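Q: 3D, please:
(chains A and B)
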2 protein chains.
Amino acid sequence: MRTNLPVDETRLWDDLMALAALTDPDHPWTRRAFSPMFLEGRAYVADRMREAGLAVRLDAAGNLIGRREGRNEDARAIVIGSHSDTVPDGGRFDGTAGVMAGIAVARSLQRDGTKLDHAFEVIDCLAEEVSIFGLSCIGSRAVAGQLSEEQLNRSEPTGEILAAAIDRMGGDVDNLDDARRDDIAAYLELHIEQGPVLADQRRDIGIVTAIAGITRIEIVVEGRADHAGTTPMTLRQDALAGAAAVVSVIAKDARRRAAAGHGHFVATIGEFRIEPNAANVVPSRVTMLLDARAEERSFLEGFVAELQPLLQRAMSGTGTRITTFRVLSDAMPALSDPGLLDVLEEASATLGLSSLRMASGAGHDMAWFSRIAPAAMIFIPSKDGRSHTPDEWSEPGEIAAGAAVLYEAVLRLDKTLR
Amino acid sequence: MRTNLPVDETRLWDDLMALAALTDPDHPWTRRAFSPMFLEGRAYVADRMREAGLAVRLDAAGNLIGRREGRNEDARAIVIGSHSDTVPDGGRFDGTAGVMAGIAVARSLQRDGTKLDHAFEVIDCLAEEVSIFGLSCIGSRAVAGQLSEEQLNRSEPTGEILAAAIDRMGGDVDNLDDARRDDIAAYLELHIEQGPVLADQRRDIGIVTAIAGITRIEIVVEGRADHAGTTPMTLRQDALAGAAAVVSVIAKDARRRAAAGHGHFVATIGEFRIEPNAANVVPSRVTMLLDARAEERSFLEGFVAELQPLLQRAMSGTGTRITTFRVLSDAMPALSDPGLLDVLEEASATLGLSSLRMASGAGHDMAWFSRIAPAAMIFIPSKDGRSHTPDEWSEPGEIAAGAAVLYEAVLRLDKTLR
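A: Coordinates of the predicted model:
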């Protein structure tokens, strides 16, 4: 345990574990948005906010907001946000570490009797994880005015529509525009890395330069179904052999590009299905999903543009062909505010913490706040890079160190922001 | 239509189409073993046998046998066999072409009043296709004395055991040994090729030298599940990338071996499944099934023995490894009798038909008869190599040409066999 940090490490850890314990007992750790267990978690978070001197309210989008007014009534707010919902069978840190770190900052401000010029808020954003409505970042989308009518009318399996579910969480969809914000001076977020880089490079704090853009592409390779016993090797059009060439070329090209020094770049084929998938039939068709993420938009575009000719070349001679190459979704990268990055880096250094500039390959509420305010994030280490699993782990001291960076940054920003 | 063949092409075709029409109406062409429709088909086959002058009986294993006695009571039988059951949603020729060709030969013998020294039989073997009991070649296994107690006690989904189902088909499992034969002088079988070679090489008749041995191997490649957005390319253990190397190496090695001139050789990965199969997770595990078939046993053994080091080499640097390499099943090749092959080749030439020596990559009843008697097969062309699909097709003249070869061979064998 570090004893020199300006936040209470033990209290932060205990609160975090108490929140995690509010889980579906058969599926630790599960507290999905819109569930009764989620409301229990929210009640716990609200109590901690109040204890830390924050005035608690729900906005029209169902975001839980704890606020401490500033001395200057005209000054905009400095916000620390994240989320308290989990994926099914998830971990105890994803999202919650950020919310509890925000509350720890409020507690330190309260303890020291610090007067800020700016208002200070902690926001527990509604439903950051992909919810039963098939949508993520519901609360932060609304804050950015980006939750559409179509999305509000989506229904989950039992028939409830999203608008009704937001109201059930305490929101007020009839007045959803009230949730839009133009009064945020800076948005900060702490999140577990969900990757292995900080641990691998032995750094305390990741200074998140951007949330990568994500392009998802469906690729279909077609050959011909033939009897696996009777069709000579020379007369085959084996879709799996063609698809193997596709996988190898993409993996090799992605490694080359990732090493090229244009920031974070990864490409993954995570879904892969062959037909007819029978022992004695030569595969006729393979459908795969390519997920490519990059910090620099132009770099991602270059990857996609140059991929098709590369694949055609690799597949020549296999007798198979790509019949579908279709972009299913395409999200732009979200860039952190350069000034905030400097402040977070200086705050880390002041506390004697090592840091590393890096991009986030995963999406976060910050991406939506970055549309309406200067925004930035920090990462703390994830053991073995594990996330969205009960194995998820960060050390108490690692979380407290991150919270301390936020505290330092808030103090600095209060002085420098206008 | 060829008018010079010693069999009645039109009658053969009409009988074949009439048998095919006895199908599950919703799934043409389906007449699975042990079904009521199968018994209707069998009644039709028995009627055609009787019309062709054959005495009809069912043996203890449920094989339908039509027999014409020979002049020499001590002489063993010349047998033409195949099967009348189909796969679900199969074709109109697989198996049935062989049974109807046998009956066409009987009809020609009857028409010409030919007296043979040997008895002549047509056998419609029970359940050649993989049946609801998960077993193929049930009747021909029994003829070879190779149907085990374990197999007889297997049950299908509604609970009936195989022994009861054989009795329901008219067999007599209590006296199953009566179905064993030691009185067969020669076994011949006509079958559609189920592959593209005859059509590709424009030959009328395939002289089948062997039924390939089949070795099936389960291969599991393991890596590590990681977040597809946050895990750098250099820190991944992508099981799909490792498996792609496996697929490519096997396809390349199989093509090389198939071209080496050691008879029929094919290798196929027909089943392939990745885990967890989610867009945003690096694949952790791939399970695949390799099906390798060869005419020469030693050649197949060489392939399997040399494969593992080859795969290890190809996967080095992918961070993944093969954790399972397990032979699930291993069937020896069944060789045709060389003397019978010569007779079939001469019979083809006499009729002005072009022929090609080739192996069968698929299994047939002949494999089991070859254990107890000299046995051999011929193939006739399959349009586009299609089989086990409603698209299955052979021309009337192609089937008649094959039946004519059998007729010529029977006449020759009756003179030469002792």
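Q: can you count the residues close to residue A:252?
A: Residues lying near residue A:252 (other CB atoms under 10 Å in any protein chain shown) number 14. Every residue, glycine included, has its C-beta placed from N, CA and C.
Q: oh, I was asking about residue A:36
A: If we define neighbours as other CB under 10 Å, then residue A:36 has 9 of them.
Q: ok, now how distant is it from residue A:28?
A: Residue A:36 is 16 Å from residue A:28, where distance means CB to CB, to the nearest Å.
Q: same thing with residue A:331?
A: With CB to CB as the criterion, residue A:331 and residue A:28 are 31 Å apart.
Q: now residue A:384, nearest residue through space, not along the chain?
A: residue A:196 (6.5 Å; CB to CB, 6 or more residues apart in numbering or on different chains).
Q: got it, and residue A:201?
A: Nearest to residue A:201 is residue A:356, by CB to CB, 6+ apart, at 6.0 Å.
Q: swap in residue A:106?
A: residue A:52 (3.9 Å).
Q: So which bits of the strand or helix carrying residue A:151 are buried?
A: Using DSSP states H and E, residue A:151 sits in helix A:149-152. With burial defined by 16 or more other CB atoms under 10 Å in any protein chain shown, the residues of helix A:149-152 counted as buried are A:151-152.
Q: Repeat that for stretch A:159-166.
A: Under 16+ other CB under 10 Å, the buried positions of stretch A:159-166 are A:162-166.
Q: likewise stretch A:169-181?
A: Applying 16+ other CB under 10 Å to stretch A:169-181 flags A:169-171, A:173, A:176, A:179-181 as buried.
Q: can you count the residues close to residue A:372?
A: 18.
Q: which bits of the stretch 251-400 of chain A sit near chain B?
A: Within the stretch 251-400 of chain A, the positions near chain B by CB under 8 Å from any CB of the partner chain are A:251, A:254-255, A:258-259, A:264-274, A:277-283, A:289, A:291, A:293, A:360-363, A:385, A:387-388.
Q: Using ChimeraX, define a selection of the buried residues within these.
A: Burial among these is assessed by 16+ other CB under 10 Å; the matching ChimeraX selection reads:
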select /A:251,254,255,258,264,265,266,267,268,269,270,271,272,273,274,277,278,279,280,281,282,283,289,291,293,360,361,362,363,385,387,388
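Q: show me the contacts for the residue nearest to residue A:201.
A: Applying CB atoms under 8 Å, 6 or more residues apart in numbering or on different chains to residue A:356 gives the contacts A:197-198, A:201, A:203, A:205-207.
Q: Which of those fall within helices?
A: A:197-198, A:201 (DSSP state H).
Q: Just give me the closest of those residues to residue A:24.
A: residue A:198 (29.8 Å; CB to CB).
Q: Next, the contact list for the closest one, please.
A: A:204-206, A:356, A:358, A:379-382.
Q: Do you know the pLDDT at residue A:354?
A: pLDDT recorded at residue A:354 is 97.
Q: Can you tell me, leaving aside adjacent residues, what's nearest to it?
A: residue A:203 (4.7 Å).
Q: Would you check that that neighbour makes contact with residue A:345?
A: No. The pair residue A:203 / residue A:345 is not scored as a contact, 11.6 Å apart, by CB atoms under 8 Å.
Q: re earlier: give me the neighbour count for the residue nearest to residue A:354.
A: Burial of residue A:203 is recorded as 20 neighbouring residues (other CB under 10 Å).
Q: I figured residue A:265 was touching residue A:297, is that so?
A: No. Look at residue A:265 against residue A:297 with CB under 8 Å: they stay out of range, at 11.4 Å.
Q: so residue A:363 touches residue A:141, yeah?
A: No. The pair residue A:363 and residue A:141 fails to qualify as a contact (CB under 8 Å) at a distance of 11.2 Å.
Q: ok, which residues in the stretch 101-250 of chain A are in contact with chain B?
A: Checking the stretch 101-250 of chain A against chain B by CB under 8 Å from any CB, the hits are A:193-197, A:200, A:212, A:214, A:216, A:226-235, A:238, A:240-241, A:243-245, A:247-248.
Q: number of nearby residues for whichever residue of the stretch 1-150 of chain A sits closest to chain B?
A: Of all residues in the stretch 1-150 of chain A, residue A:130 sits closest to chain B, with a separation of 9.6 Å (CB to the nearest CB). Using other CB under 10 Å, residue A:130 is surrounded by 16 other residues.
Q: show me the contacts for the closest residue to it other than its chain neighbours.
A: The shortest distance from residue A:130 to any non-neighbouring residue, by CB to CB, 6+ apart, is to residue A:136 (4.6 Å). If a contact means CB under 8 Å, 6+ apart, then residue A:136 has A:127-130, A:363 as its contacts.
Q: Lowest-confidence one in these?
A: residue A:130 (90).
Q: Helix, strand, or coil at residue A:376?
A: strand (DSSP: H, G, I helix; E, B strand; the rest coil).
Q: Tell me who's in contact with it.
A: A:186-189, A:207-208, A:336-337, A:340-341, A:344, A:366.
Q: And for residue A:183?
A: Going by CB under 8 Å, 6+ apart, the list of residues near residue A:183 reads A:76-77.
Q: Model confidence for it, exactly?
A: 97.
Q: If you check the stretch 251-400 of chain A against chain B, which residue is the closest one?
A: For the stretch 251-400 of chain A, CB to the nearest CB, closest residue to chain B: residue A:361, 3.1 Å.
Q: The closest residue to chain B within the stretch 51-200 of chain A: which element?
A: Nearest residue of the stretch 51-200 of chain A to chain B: residue A:195, at 3.0 Å (CB to the nearest CB). Under DSSP H and E, no helix or strand contains residue A:195.
Q: roughly how far apart are the closest residue to it other than its chain neighbours and residue A:360?
A: Spatially, and ignoring its direct neighbours in sequence, residue A:195 is nearest to residue B:230 (3.0 Å; CB to CB, 6+ apart). If you measure residue B:230 against residue A:360 using CB to CB, the figure is 7 Å.
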